[in-house]
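Participant: Predicted model and sequence follow; I will ask about them next.
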Amino acid sequence: MSRSFRMPAAVLASGLALVALAGPADAHVSVHADDAAKGAYTVLDFRVPNETDSAYTTKVAVTFTSPLASAAPQVVEGWTATVTKAKLATPITTDDGTVTDGVGSITWTATGKGTAPGFFQTFQVEAGPLPATDTVAFPTVQTYGDGSVVRWTDATVPGGAEPEHPAPTLSLTAAVADASGGTGPSVSTVVTKEQSKGLGIAALVVGAVGVLLGGAALARRPKA
């Protein structure tokens, strides 16, 4: 018999209130990634708050200042995504061959009302390889249902005051070198693989000990 899970009304209400408050607190459009190493593939997390009093966010257009060989947007309920190609300055060689056309921008358009005032919407993109730069900017244009447009395209100068509408910018970490001298997966990925190997060995040892103990127990049983 299958079970359905129902969230208590009080918990649901408090959760929605938290989301509603999170928009104004995070006043700017921003981009995040758990693993942002140069040359790596990652999931880019664009967070777009609605800062108006009454208009809904109905369109979000993100430009990749450094076109990426691959960028696949996640399906978002209530939104459609349009990917626009762009010529790569330098072709990228992948396991599937040489890529000359990458992704230059992605535009999300609401199929319904969009994002309500005081709330924010998250748009995720699986993309890479990331450029070999310390930072990468993603100028974003946010359009509202009343026709107003906010351009999050201002460059942030290191050490300077934050502009009114800064472009979402991601700081990249150094690429991890593998044993062959090339670049490999991030440290977090390597550690995960080593942990998995250790767990596998541990499981084999435990299994062998169990067999030995079982054999010893049978040997000690009195004969009929």
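Facilitator: Yes, it's here.
Participant: And the average pLDDT for the helix or strand encompassing residue 127 is what?
Facilitator: According to DSSP states H and E, residue 127 maps onto strand 120-128. Strand 120-128 shows a mean pLDDT of 97.
Participant: Next, the buried residues of the longest strand seen in the chain.
Facilitator: Ranked by number of residues, the top strand in the chain under DSSP state E is strand 79-94. Across strand 79-94, burial judged by 16 or more other C-beta atoms under 10 Å covers 79, 81, 88, 92. Yep, even glycine has a C-beta here, placed from its N, CA and C like the rest.
Participant: next SSE after that strand?
Facilitator: Strand 79-94 is succeeded, C-terminally, by strand 97-110 (DSSP H and E).
Participant: just the strands in this protein please.
Facilitator: For the chain, the strands defined by DSSP E cover 30-32, 42-49, 57-68, 70-73, 79-94, 97-110, 120-128, 135-137, 140-144, 149-152, 169-171, 176-177, 183-184.
Participant: TSV please, covering the ones you listed and showing distance to residue 158.
Facilitator: Below are the strands of the chain laid out as TSV (distance: least, C-beta to C-beta, whole Å):
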stretch	distance to residue 158
strand 30-32	18
strand 42-49	22
strand 57-68	17
strand 70-73	27
strand 79-94	24
strand 97-110	26
strand 120-128	25
strand 135-137	9
strand 140-144	20
strand 149-152	18
strand 169-171	11
strand 176-177	25
strand 183-184	26
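Participant: Mind checking these for the one nearest to residue 163?
Facilitator: Distance to residue 163, taken as C-beta to C-beta, is lowest for strand 149-152 among the strands of the chain, at 9.5 Å.
Participant: before we move on, back to that, next, the angle from the longest strand of the chain to strand 97-110.
Facilitator: Computed by axes from the mean of the first three to the mean of the last three C-alpha atoms, to 10 degrees, the angle separating strand 79-94 from strand 97-110 equals 170 degrees.
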